[in-house]
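Any chance you could fold what I've pasted below:
(2 chains)
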Amino acid sequence: MKKFAALFLAILMIASLAACSSAPAAGGTETAATEATAAPAGTAAEAAAPAKDTLIIGQYGDTPNFDTHDNLNDNGMRINMVIYDPLVRMDNTTYEIHPCVAESWQISADGKEYTFKIKAGIKFNDGTDLTIDDVLFSLQRGMEMPMAVPSFARVTGVETAGADSVKITLDGPYPEFLFAMALPTAGIISKAAYETLGKDKFLEAPVTTGPYMVKEWKVGEKVVLEANPYYHEGEPAIKHVEWVVIADPNSAVLSLESGDIDAYVDVPQSSFARIRDNKDLALYVGPAFGFSCVVINTTKAPFDNVVARQALAHAIDKDAILNGILDGNGTITDTFALPTYLGYTDKVTKYDYNLETAKAMFAQAGVTEGTEISIIVTNAQQSKVAQVVQNSLAEIGITANIQQLERSAYDDACLNGDANLMVDGFTYTAPTIDEAIYGGLHSSQIGICNHSLWNDPATDALFEQARASTDNDERAAIYNELLIKLSQDLPIIPTIFTTKNIAAKAGLTGVSANPWSFYNLFDFGW
Amino acid sequence: MFKYVLKRLLLMVPVIIGISFIIFSIMSFMPGNPARLLLGEKATAEAIEELNEKLGLNDPFLVRYVNYIGDAATGNFGTSYRTGRPVTTEIIDRFPTTLKLAIFSVLIAVLIGLPLGIVSAVKQYSWIDNVNTVLGLGFISIPPFWLGLLLIMFFAVKLRILPAFGSDTLAHFILPALTSSACTFATVLRMTRSTMLEVIRQDYVTTAYAKGAAKRRVIFYHCLRNALIPLITVVGVNFGGMLGGSIITESVFGMSGIGNLLIMSIRSKDVPTVMACTLLLAILFGVINLIVDVIYAYVDPRIKTQYAKQ
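As a prediction, the model looks like this:
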């Protein structure tokens, strides 16, 4: 009996090792050889086919619908990014705003009115012409839909301005507005088709001006898209796209290796080395519009005291978070802006990881050994960050109790001010300081997403001054002041600027990481 | 027999109402708000309130429950909060994948597990019995996500003879079915072995041999038929469980089944979808249990006689 058990376990172990060591070690030669001989999943034939025009791209979930104005699901927004055209589009790396449905735009002197001139000759995917009425109808629909808020939150009115332009009025100066208009929540639809077909029928295969159109939706499994033959920027290089759902990121990476899929959006960091070692695959990583942070409840003792917050900043080992948890993918930060953002300054107060200093400052703030604090998180990665903080605090005699909550329960706990600390992350629409932290720190956002419950008139005033100004130098100076002030007040401790990524077959061209993780597949080709 | 089946079907009604009440209560009293989850963290209080009103979440709990049950009784399971599509459409779209996966898994488990279990019992303590015992132990212990990934590595990445994900063709079901059948296979193997061993030692088996019956006839006719009853129970329960969707297998193999739908709906507090999935699962479990009981009667004449007496 023992002999058989040993034999079986040995066979199992050898089989596992053989399977585990396959892809990276085998690398190119073996993969190429097998690709040429077998083609079960319809992929190996690709090696021989010179003019490939299909793309199978994976993501972790399915879209709930194809409604540009009623879809805040990131998987859905990725698909809407290519079936709809917004007025403008953003460059993945330079963040420049390019014309799309709008060929040019003008901003009024007070920064409250944007007039977009619509490109002539654009056709919908059913062959009909785009008119100014369609643009007006789409923008007005966006204003009415609660889930189109990332694009339309500050829009107060839309009207035509001449035969070929629309004027959008905002509630105040909003320099990031063009980014909001580049999001998939601001797509343009055909008014005639929407009204004739009715909402439900229309949404089965929306009539849009985007580069691709919906051909088939196998719910929960895949969305099949075909190139729009009337696309106004030319025929897409890739004619047939399948957005497939692979919920498990590890099996997604294996599917990339096996050739079952051509690309996968946001692969886990633990797979980076495996992908980089495989010469048939390429990994594109770029900064996200987002950062990780420790949000401090500034209304609850002991962190209602600024000295305790500064002491905490000395007890956060950002290096351990970056290298121990994120595998080095990200950038350690002492502030809420990257150097490319308007108003970035290096003159913020920095807090090195120093437990002696932290201990002394906690003592100064009256926080004695044996004090207990609470940390809440909403996912496993945040929980690991919380454990790093917990360990550091334990060394100076403070007990941190970590609790992981389901998302909406977590939001409620934050809004109620139940916990001392929240390990969280901010994501935003445009690479600006206002976008990054207004929601998290302006007092008007208490009850919405100001989880530190930071209610400081001086902070509010700086945000408002920067918003009111249309002079970039003036705004930069105000943001400098704001960042320096926040680095001393510390309602939130920024830790790491995060990244987005896409892994693809090495032969796929036109790929670069998009900071929203929304890809315009029109740029892709083989 | 007919009366018995009817009685059992009627008894399912209070069970289903009880289950629906428990699940509705849990989903309603769980902290968090579906509107906030749908609208994202930057949603204003007004937008959340508007969506709450639209979804009917501002009504008192009991009013919502009674409305739900009333609608469900007429076949209207509501609209998914998450997707805005009718819940019945969501389920109809996904159930075939789950059903196919469950059928293939059970078939694999029974077609391999049953013969191996019989051989193990007949040749107790032989090398083949030892191998089967270790196999059973191995497959019942192996975590399905790991087995799934190993199978993908071996058959899709290394050998490239089977697809790694999807559910378009029969080939797509082979690896997922192998993964989700592992545990049932091991259970069937062990259960067949132990029940067969019990039966083989019965007096009537010795009598059959003494009367000169062929070994094959004794094993398959006298022994197996009597050993089948506990096995049918195990297979029935496992099949019922699989119809509720295998969340891990579906995630690993990118399949769109009830398991994934249920887990996504729980995460987004999509009460109508969670309710409909749970009710479907409860009904399926009830019906499968009933079918298992009816099959007993055909396998074992003694039970049929009891039904007749009732």
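
can you count the residues close to B:R217?
For B:R217, the neighbour count with other Cβ atoms under 10 Å in any protein chain shown is 11. (Glycine included, C-beta is placed from N, CA and C.)

Now it: which helix or strand?
Taking DSSP states H and E as the criterion, B:R217 maps to helix B:215-217.

what ranges do the helices span in the stretch 151-300 of chain B?
Listed in chain order, the helices of the stretch 151-300 of chain B (DSSP state H, counting those that start in this stretch) span B:171-200, B:203-210, B:215-217, B:224-243, B:247-252, B:258-267, B:271-299.

possible to save the ones you listed as CSV with distance to B:F165 and mean pLDDT?
Conversion of those to CSV gives the following (distance: least, Cβ to Cβ, whole Å; pLDDT from 0 to 100):
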stretch, distance to B:F165, mean pLDDT
helix B:171-200, 8, 92
helix B:203-210, 48, 90
helix B:215-217, 43, 87
helix B:224-243, 19, 86
helix B:247-252, 8, 86
helix B:258-267, 12, 85
helix B:271-299, 22, 87
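
As a markdown table, the ones you listed with distance to chain A would be great.
What follows is these, written out as a markdown table (distance: least, Cβ to the nearest Cβ, whole Å):
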| stretch | distance to chain A |
| --- | --- |
| helix B:171-200 | 7 |
| helix B:203-210 | 26 |
| helix B:215-217 | 25 |
| helix B:224-243 | 16 |
| helix B:247-252 | 4 |
| helix B:258-267 | 6 |
| helix B:271-299 | 11 |
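
deepest of those helices, which one?
Greatest average neighbour count among the helices of the stretch 151-300 of chain B goes to helix B:247-252 (a mean of 25), per mean count of other Cβ atoms under 10 Å in any protein chain shown.

which other helices and strands contact that one?
Helix B:247-252 sits against helix A:249-258, helix B:87-122, helix B:144-151, helix B:171-200, helix B:258-267, with contacts defined as 3 or more Cβ pairs under 8 Å, 6 or more residues apart in numbering or on different chains; DSSP states H and E.

if we look at the first one, which residues are touching it?
When you say that, I think you mean helix A:249-258. For helix A:249-258, contacts defined as Cβ atoms under 8 Å, 6 or more residues apart in numbering or on different chains pick out A:22-23, A:31, A:41, A:43, A:58, A:60, A:246, A:261-264, A:266-268, A:271, A:274-275, A:278, A:280-281, A:503-505, B:148-149, B:152-153, B:156-157, B:160, B:164-165, B:251-254.

Among these, which ones are in strands?
When those are checked against strands (DSSP state E), the matches are A:G58, A:A263, A:Y264, A:L281, A:A503, A:A504, A:K505.

Just give me the closest of these to A:L322.
A:L322 lies nearest to A:A503 out of these, by Cβ to Cβ, at 20.8 Å.

Poorly predicted segments of the stretch 1-150 of chain B, please.
By pLDDT under 70, the weakly predicted segments of the stretch 1-150 of chain B are B:41-42.

Which residue is the nearest non-sequential neighbour of whichever residue of it sits closest to chain A?
Nearest residue of the stretch 1-150 of chain B to chain A, counting by Cβ to the nearest Cβ: B:G32, 2.5 Å away. In this structure, B:G32 finds its nearest non-sequential neighbour in A:S408, 2.5 Å apart by Cβ to Cβ, 6 or more residues apart in numbering or on different chains.

Is the residue of the stretch 1-150 of chain B closest to chain A part of a helix or strand, or is it coil?
Put simply, B:G32 is coil when judged by DSSP: H, G, I helix; E, B strand; the rest coil.

coming back round to it: between the helices and strands packed on helix B:247-252, which one is closest to A:P515.
It is, among these and with distance given as Cβ to Cβ, helix A:249-258, at 19.9 Å.

Quick one: mean pLDDT for the closest one?
Helix A:249-258 carries an average pLDDT of 90.

report the angle between the axes of that helix and helix B:144-151?
Interaxial angle of helix A:249-258 relative to helix B:144-151 (axes from the mean of the first three to the mean of the last three Cα atoms, to 10 degrees): 10 degrees.

List the buried residues of helix A:249-258.
By 16 or more other Cβ atoms under 10 Å in any protein chain shown, the buried positions in helix A:249-258 come out as A:P249, A:N250, A:S251, A:A252, A:V253, A:L254, A:S255, A:L256, A:E257, A:S258.

Among those residues, which pair sits farthest apart?
Top of the distance list for these (Cβ to Cβ): A:P249 and A:S258, 14.9 Å.

Quick one: residues in contact with the helix holding B:R217.
By Cβ under 8 Å, 6+ apart, the list of residues contacting helix B:215-217 from outside reads B:A208, B:Y209.

next one: that helix to chain centre, how far?
From the chain centre to the centre of helix B:215-217 is a distance of 34 Å (Cα atoms, centre = their mean, to the nearest Å).

Same check on stretch B:201-217?
On Cα atoms, centre = their mean, the centre of stretch B:201-217 falls 37 Å from the chain's centre.

What separates the first and last residues of that stretch, distance-wise?
Length of stretch B:201-217, first residue to last, Cα to Cα, to the nearest Å: 16 Å.

so who does B:Y209 touch?
When contacts are counted by Cβ under 8 Å, 6+ apart, B:Y209 touches B:K215, B:V218.

so who does the closest residue to A:G286 other than its chain neighbours touch?
Spatial nearest neighbour of A:G286, excluding adjacent residues (Cβ to Cβ, 6+ apart): A:A513 at 3.1 Å. Taking Cβ under 8 Å, 6+ apart, we find A:A513 in contact with A:N92, A:Y284, A:V285, A:G286, A:T499, A:K500, A:N501, A:I502.

Mind doing that once more with 6 Å?
A:Y284, A:V285, A:G286, A:K500, A:N501, A:I502 (Cβ atoms under 6 Å, 6 or more residues apart in numbering or on different chains).

Which one of the ones in strands among the contacts of helix A:249-258 is nearest to chain B?
A:G58 (7.6 Å).

Quick check: closest non-adjacent residue to that closest one.
A:Y264 (4.2 Å).

ok, now A:F179?
Closest to A:F179 by Cβ to Cβ, 6+ apart is A:A430, at 3.5 Å.

Could you check how far the one you found is from A:M90?
Counting by Cβ to Cβ, to the nearest Å, the gap from A:A430 to A:M90 is 8 Å.

At which residues are the helices of the stretch 251-400 of chain A located?
For the stretch 251-400 of chain A, helices defined by DSSP H, counting those that start in this stretch occupy the ranges A:272-276, A:306-314, A:318-320, A:355-364, A:380-395.

Reformat these into TSV and put mean neighbour count next to each item.
Shown next, in TSV, are the helices of the stretch 251-400 of chain A (neighbours: other Cβ atoms under 10 Å in any protein chain shown):
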stretch	mean neighbour count
helix A:272-276	17
helix A:306-314	23
helix A:318-320	17
helix A:355-364	18
helix A:380-395	18
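
I'd like these written out as a markdown table, with mean pLDDT and distance to chain B added.
A markdown table is the format used below for the helices of the stretch 251-400 of chain A (pLDDT from 0 to 100; distance: least, Cβ to the nearest Cβ, whole Å):
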| stretch | mean pLDDT | distance to chain B |
| --- | --- | --- |
| helix A:272-276 | 90 | 11 |
| helix A:306-314 | 95 | 22 |
| helix A:318-320 | 93 | 23 |
| helix A:355-364 | 94 | 30 |
| helix A:380-395 | 93 | 14 |
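
and of the ones you listed, who's closest to B:G212?
Of the helices of the stretch 251-400 of chain A, nearest to B:G212 by Cβ to Cβ is helix A:272-276, at 64.6 Å.

Give the bridge partners for A:I502, please.
A:I502 has the following beta-bridge partners by DSSP bridges: A:V265, A:Y284.

how much space between the residue of the stretch 201-310 of chain B found nearest chain A and B:R94?
In the stretch 201-310 of chain B, the residue that lies nearest chain A is B:S256 (2.8 Å; Cβ to the nearest Cβ). Applying Cβ to Cβ, the value for B:S256 to B:R94 is 5 Å.
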